[in-house]
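Student: prediction below, plus the sequence it came from.
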Amino acid sequence: MAKIDARTTDVICMDTGERLRRVVSIDAERGEVVCQHWPLRPNLKVRGTIDTFVLRFRAVHPIYAGSFRPYLVHCYGRLQ
């Protein structure tokens, strides 16, 4: 499965029930959710980009419900 552009998709951490904010992309196979910091931080290594961080989970399940793009993503078992 390719990475999912999650800017229009709700991403929920099922361990806490919280909606993850500022999600940029999701790699369901690797269990990775890429998010932006808030307040936004410039990436000093790559000019013109925003700094991001990765949240890792044991399982990431996109829910398509008949669409070609997932409308909801459930994340289970957050790893440190």
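Tutor: That came in fine, so what should we check first?
Student: alpha carbons only for contacts and neighbour counts from here, please
Tutor: OK.
Student: grab the longest strand from this structure for me.
Tutor: strand 52-63 (DSSP state E).
Student: tell me how far the lowest-mean-pLDDT helix or strand in the chain lies from the chain's centre.
Tutor: Across the helices and strands of the chain, mean pLDDT, DSSP states H and E gives its lowest value to strand 4-5, namely a mean of 76. Here strand 4-5 is found 8 Å from its chain centre; the criterion is Cα atoms, centre = their mean, to the nearest Å.
Student: just checking, what packs against the next helix or strand after it?
Tutor: As assigned by DSSP states H and E, the chain's next helix or strand after strand 4-5 is strand 10-13. Applying 3 or more Cα pairs under 8 Å, 6 or more residues apart in numbering; DSSP states H and E, one finds that strand 10-13 contacts strand 72-79.
Student: neighbouring strands for the strand it packs on, and are they parallel or not?
Tutor: Using DSSP bridges, the strands paired with strand 72-79 are strand 10-13 (parallel), strand 52-63 (antiparallel).
Student: just these: most buried one?
Tutor: strand 10-13 (a mean of 19; mean count of other Cα atoms under 10 Å).
Student: looking at this protein, which residue lies furthest from center?
Tutor: Distance to the chain centre peaks in the chain at Arg47, reaching 22.7 Å (criterion: Cα atoms, centre = their mean).
Student: three-state assignment of it?
Tutor: Under DSSP: H, G, I helix; E, B strand; the rest coil, Arg47 falls in the coil class.
Student: before we move on, back to that, please state the offset of the longest strand of the chain from the chain centre?
Tutor: Worked out by Cα atoms, centre = their mean, strand 52-63 lies 6 Å from the chain centre.
Student: what's in contact with it?
Tutor: Strand 52-63 is contacted from outside by 28-29, 31-37, 70-80, using Cα atoms under 8 Å, 6 or more residues apart in numbering.
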